[in-house]
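Novice: here's a sequence, model it:
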Amino acid sequence: MSALVVAAVAGVTACEPANGLNSASIAVTTGRVGTGALERNGVDVQWLSCTAGADGDRAWGASPAATVRRVANVDCNGRTGKGEAITLTGKVTQELGGRCVRGDLTARTGGRDVFRADVLGNCDAAPSTAVLNPLPAGGGGAAVRPAVTVTVTVTGTPLGK
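Specialist: Sure thing, here's the model as predicted:
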């Protein structure tokens with residue numbers, strides 16, 4: 001049962017905001033917009049997988065009076081169509097509804113820097129209202145469905161009973 005508890009905790013923490021930033025949203029958005037940026041720079045992306053996590057209580061800002069932004073570390077790894085390693089790493093200070101990420105990000109493949117950017121994606125685009133993987137009418141079919149999340153609640157017996 002301990003494996004279920006670990007899985008449940010990991011699933012919950014992946015969705016929690018990290019100092020005001022949602023790590024899961026940052027990882028998904030960085031992967032999507034990072035893939036597009038790599039392809040626009042001539043990289044044949046076979047796959048790219050990203051993770052993101054809070055950078056403690058550190059904040060970005062030139063001075064205490066400057067605007068302070070929370071920081072999340074992003075680490076993406078993937079492969080090109082030719083099998084070369086791809087990395088996209090850096091710090092993200094803002095994620096805007098799946099449209100873009102802001103921060104300091106560097107992409108590398110084949111032993112060279114592909115780009116360094118402070119914005120990936122189109123932050124000015126209208127928010128999307130598209131439904132991802134819609135279920136076919138009638139509820140049947142082979143559509144991709146959301147993953148099942150296991151939640152374990154542990155209760156104890158009060159002392160003295």
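Novice: contacts and neighbour counts: CA atoms only from here.
Specialist: Noted.
Novice: list the contacts of R112.
Specialist: By C-alpha atoms under 8 Å, 6 or more residues apart in numbering, the contact list for R112 is empty.
Novice: for S25, see how far away it is.
Specialist: 28 Å (C-alpha to C-alpha, to the nearest Å).
Novice: quick one, strands of the chain?
Specialist: Ranges of strands in the chain, per DSSP state E, are 17-18, 21-22, 45-60, 69-80, 85-96, 100-109, 112-121.
Novice: list just the one of those that sits closest to P127.
Specialist: P127 sits nearest to strand 85-96 of all the strands of the chain, at 8.6 Å, using C-alpha to C-alpha.
Novice: strand partners of the closest one, parallel vs antiparallel please.
Specialist: strand 69-80 (antiparallel), strand 100-109 (antiparallel) (DSSP bridges).
Novice: pull the CA atoms of it into PDB?
Specialist: Coordinates of each C-alpha in strand 85-96 appear next as PDB, following Å, rounded to 0.1, in the frame of the first residue of the first chain:
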ATOM      1  CA  ALA A  85      19.800  14.100 -27.500                       C
ATOM      2  CA  ILE A  86      17.800  17.300 -27.000                       C
ATOM      3  CA  THR A  87      17.800  19.300 -23.800                       C
ATOM      4  CA  LEU A  88      15.800  22.300 -23.000                       C
ATOM      5  CA  THR A  89      16.600  23.700 -19.500                       C
ATOM      6  CA  GLY A  90      16.300  26.800 -17.500                       C
ATOM      7  CA  LYS A  91      14.100  28.800 -15.200                       C
ATOM      8  CA  VAL A  92      10.500  29.900 -15.800                       C
ATOM      9  CA  THR A  93       9.000  32.900 -14.100                       C
ATOM     10  CA  GLN A  94       5.500  32.900 -15.800                       C
ATOM     11  CA  GLU A  95       3.300  30.500 -17.700                       C
ATOM     12  CA  LEU A  96       0.300  31.900 -19.500                       C
END
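Novice: ok, longest helix in the chain?
Specialist: helix 23-40 (DSSP state H).
Novice: and it, what other elements does it pack with?
Specialist: Judged by 3 or more C-alpha pairs under 8 Å, 6 or more residues apart in numbering; DSSP states H and E, the packing partners of helix 23-40 are helix 2-15, strand 45-60, strand 69-80, strand 85-96, strand 100-109, strand 112-121.
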